[in-house]
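In: Generate a structure from the sequence data that follows.
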Amino acid sequence: MRKQNTGITVVLVILVAISFLFSYFILYDINTFESIIGNETAPTEEEIATETIQSTANYYSPTRLSFQDVVSSDEYIIRLGQQSYFIRDEATINTLRSLIESRPISVDNVSYMEDPQLLNNLLDVDHLQLELPTRIPLGAYTRVLSIGDEIPTDILIDRIIIPLSSQEERGVYLIDSETERVIEAELSSNLRKDELRNAITLENSDLLEVIRYQGADKPIYLPVNNVNLQSQLFTLDVLPENLHVSDLFDNTGFNTTEVANSDGDEVFRYQNYINTLDVNRTTQQFDLTISRADPGEPRTTVEKFRNAFSMVQQFEYWEGDIRLFHEENNFITFRRYYNELPILTSSNMPDYGANSVQMRGDLSGDIFRYHQPMLTFYTHIDTASQEYELMNHEEILAVLQERGYTVNGFEDIFMAYEWQEDMEMFRKAELIPTWFFQLNGEHYTLEEIQSDDFVDIWNTQVLGEGGAD
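Out: Numbers count the residues shown, from 1 in each chain. Okay, the predicted model is just below:
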């Protein structure tokens, strides 16, 4: 009898435990309970799509760069005695940047200096020069400039010259090379010029000796000796379309269709009453066109630049350096950089280095169209790098003279990485260093300006002659 009671007790304890366990599942973990009893509900297509978008969004992160991060000098130039140098050493550049940004240059008065020889005189004395990739408004460069309350912030500059000859002289010169306007500012009283000078040593092997030439709008510096740079090889990641679809059409209906473009590419369009997203699946780029009912409120030039960059912050998943690169006629280009050099392509292939923003041609600066590549670097294969020797100034001049071109016909000549056309079905990207030549806002490789096709471009845009029949 006692054994029978013991058995009943054990059974009751087990049943109570099972009851508590089921109660827990029902109250706190119903999904597990349903899977145990074989009653798990299959997810709907909408739930699968939502989960896919969420997992994709968790894997990719938009750029963390701020607007101030992308407004940056792309060349630091120092003149000592009769010689000028590009500063190439990253540690030296960071030291100079830290010195200036921690004690910004004061702009308390705007009065243009009218002496036509002033700019040439400044370039001939010992100085440190900060060269910007394009003309930017004063108010966009607040890491370097401390601007007084009454100073207009929309004045454009493209370089800053800090004379180093006199320790007592505090003058700093803000220059717009296109108009040759010069504004005098003042070095911070807490920053001594010898601190800047002492940050640079002639023994540093990354000081690149250069010679100054006059370009179409500004000085152009070319190296005295050949320059050796490494190519770079990366595996590629193609950004999934739903990253941008979920951003633009979240909880809103949209239509999809295939459209044809002039190149016969495969283009897939997502569209609602505000946004039209054209994804080029052939070239792996997209264009976003934004509709609006009414014009927005007027923006200052600085606000237009910031508004343009907001598109990059929302849609760009590039993990490396990006900089404000070019501005002209309601177009602003932000460009990808690697190892302090911009990434471009030849003019006959899609530009995988550029994020371009087209603003509306009114005071609002509202965004009309945004263009971006959908390719990002995944893995750097450093063992595949090769050394390339770039031409010196004499060799570049010889190439130009052979074709009847001149340095002062170009807006800029600079070193950059050329993204190669062969990507093995978007599996890899090779960057090869070369010279680029800027003409009317377009960029051409050294190889391209030696082609017969460029003759007509030069004759039309520089000489004002008609092209070939």
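In: Sketch out the strands for the stretch 151-300 of the chain, chain order is fine.
Out: Taking DSSP state E, counting those that start in this stretch, the strands of the stretch 151-300 of the chain run over residues 156-163, 171-176, 181-186, 207-214, 219-223, 227-230, 232-238, 255-260, 266-271, 275-280, 285-290.
In: residues of the second one that come out buried?
Out: Of the residues in strand 171-176, those with enough neighbours to count as buried (16 or more other CB atoms under 10 Å) are 172-176. For every residue, glycine as well, the C-beta is placed using N, CA and C.
In: Now do that strand against strand 181-186, angle only.
Out: Following axes from the mean of the first three to the mean of the last three CA atoms, to 10 degrees, one obtains 150 degrees for the angle between strand 171-176 and strand 181-186.
In: contact partners of strand 171-176?
Out: 105, 107, 113, 118-119, 122, 135, 138, 145, 155-163, 181-187 (CB atoms under 8 Å, 6 or more residues apart in numbering).
In: now swap in the fourth one and tell me
Out: Strand 207-214 is touched from outside by 77-78, 83-89, 123, 200, 219-225, 227, 393, 407-408, with contacts defined as CB under 8 Å, 6+ apart.
In: Pull the number of nearby residues for residue 164.
Out: Around residue 164 sit 19 other residues, with neighbours defined as other CB atoms under 10 Å.
In: Ok, residue 124 next?
Out: Neighbour number of residue 124 under other CB under 10 Å is 13.
In: Could you measure from residue 149 over to residue 107?
Out: Distance check for residue 149 against residue 107: by CB to CB, to the nearest Å, it reads 11 Å.
In: neighbour count winner among these two?
Out: When neighbours are counted by other CB under 10 Å, residue 149 and residue 107 differ, and residue 107 comes out ahead with 23 against 5.
In: Okay, now the unreliable bits of the stretch 201-350 of the chain?
Out: Counting by pLDDT under 70, the stretch 201-350 of the chain shows low-confidence ranges at 202-205, 252.
In: For the stretch 101-250 of the chain, which segments are assigned as helices?
Out: In order along the chain, the stretch 101-250 of the chain carries the following helices (DSSP state H, counting those that start in this stretch): 118-124, 193-198, 242-248.
In: mind checking which of those helices is nearest residue 282?
Out: Nearest to residue 282 among the helices of the stretch 101-250 of the chain is helix 242-248 (17.0 Å), distances taken as CB to CB.
In: Name the residues of that closest one that are buried.
Out: 243-248.
In: helices and strands around that helix, which ones?
Out: helix 45-59, strand 275-280, strand 285-290, helix 301-315 (3 or more CB pairs under 8 Å, 6 or more residues apart in numbering; DSSP states H and E).
In: re the thing from before, who wins for proximity to residue 323 among the strands of the stretch 151-300 of the chain?
Out: Nearest of these to residue 323, taken as CB to CB: strand 156-163 at 13.5 Å.
In: pLDDT of that closest one, averaged?
Out: What strand 156-163 shows for mean pLDDT is 96.
In: Give the partner strands of the helix or strand where residue 378 lies in its sheet and their orientations.
Out: Applying DSSP states H and E as the criterion places residue 378 in strand 375-380. When pairs are called by DSSP bridges, strand 375-380 turns out to pair with strand 232-238 (antiparallel).
In: one step back: from the contacts of strand 207-214, list the buried ones, please.
Out: Looking at the contacts of strand 207-214 with 16+ other CB under 10 Å, the buried ones turn out to be 77-78, 84-89, 123, 200, 219-223, 227, 393, 407.
In: related to what we said a few turns ago, in CSV, list the C-alpha atoms belonging to the strand holding residue 378.
Out: Extracted C-alpha coordinates of strand 375-380, given in CSV (Å, rounded to 0.1, in the frame of the first residue of the first chain):
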residue,chain,number,x,y,z
LEU,A,375,29.8,48.6,-55.3
THR,A,376,32.0,48.8,-52.2
PHE,A,377,35.3,47.2,-51.3
TYR,A,378,35.2,44.0,-49.3
THR,A,379,38.7,42.7,-48.8
HIS,A,380,42.1,44.3,-49.6
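In: got the contact list for the helix or strand following that strand?
Out: With elements assigned by DSSP H and E, the helix or strand that comes after strand 375-380 is strand 387-390. The set of residues that contact strand 387-390 without belonging to it, under CB under 8 Å, 6+ apart, is 223, 226-231, 415, 432-435.
In: now those: which count as buried?
Out: Neighbour-count burial within the contacts of strand 387-390 applies to 223, 227, 229, 231, 415, 432-435; the criterion is 16+ other CB under 10 Å.
In: Quick one: those as JSON lines, columns for distance to residue 441 too.
Out: Putting these into JSON lines (distance: CB to CB, whole Å) gives the following:
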{"residue": "223", "distance to residue 441": "24"}
{"residue": "227", "distance to residue 441": "25"}
{"residue": "229", "distance to residue 441": "25"}
{"residue": "231", "distance to residue 441": "27"}
{"residue": "415", "distance to residue 441": "19"}
{"residue": "432", "distance to residue 441": "23"}
{"residue": "433", "distance to residue 441": "22"}
{"residue": "434", "distance to residue 441": "19"}
{"residue": "435", "distance to residue 441": "17"}
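In: If residue 172 is in a bridge, with which residues?
Out: Counting by DSSP bridges, residue 172 is bridged to residue 185.
In: wait, doesn't residue 437 sit right on residue 409?
Out: No. Judged on CB atoms under 8 Å, residue 437 makes no contact with residue 409 at a distance of 9.3 Å.
In: Between the two, tell me which one has more neighbours.
Out: When residue 437 and residue 409 are compared for neighbours, residue 437 comes out ahead with 23 against 16, by other CB under 10 Å.
In: State the distance from that one to residue 169.
Out: 37 Å.
In: do residue 238 as well
Out: Computed as CB to CB, the residue 238 to residue 169 distance reads 54 Å.
In: more crowded one of those two?
Out: For residue 238 versus residue 169, neighbours defined as other CB under 10 Å are more numerous around residue 238 (15 against 12).
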